[in-house]
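Trainee: 3D, please:
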Amino acid sequence: VRTDNLDQAFHTYTVEQLRAFVTTTRKDVRVKQDELRQLVGDRYHDLILASDMIVDMGSVCGELLAVYDRPSMQKSLSS
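Mentor: Numbering: from 1, shown residues only. Presented below is the predicted three-dimensional model:
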């Protein structure tokens, strides 16, 4: 069923053909919506993982700076 002109479609196709077209189109739309949800969900999950890694790296850097700032570490580095 071509849908360039809906008025013509109603005159050209039977009710059963139009119903089948609508049913098929609705199924296709649902499939595409599910694919989009999955894609967005995966990307969101990736974003959350990346942000967690960045926070973890910040914590590790802070710990390293704390160790480096200890007086005993300063003496061993300058020797």
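Trainee: CA atoms of the helix or strand where Asp7 lies as PDB?
Mentor: Taking DSSP states H and E as the definition, Asp7 sits inside helix 6-12. Included here for helix 6-12 are C-alpha records, laid out as PDB according to Å, rounded to 0.1, in the frame of the first residue of the first chain:
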ATOM      1  CA  LEU A   6      -4.500   9.000   1.600                       C
ATOM      2  CA  ASP A   7      -7.700  10.000  -0.300                       C
ATOM      3  CA  GLN A   8      -6.500   7.900  -3.200                       C
ATOM      4  CA  ALA A   9      -5.500   5.100  -0.900                       C
ATOM      5  CA  PHE A  10      -9.100   4.800   0.400                       C
ATOM      6  CA  HIS A  11     -10.400   4.600  -3.200                       C
ATOM      7  CA  THR A  12      -7.700   2.200  -4.400                       C
END
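Trainee: now it, how far from the centre of its chain.
Mentor: A distance of 39 Å separates the centroid of the chain from that of helix 6-12, by CA atoms, centre = their mean, to the nearest Å.
Trainee: for the next helix-or-strand element following it, what is the average pLDDT?
Mentor: Remark: after helix 6-12, the chain's next helix or strand is helix 15-68, criterion DSSP H and E. Mean per-residue pLDDT for helix 15-68: 94.
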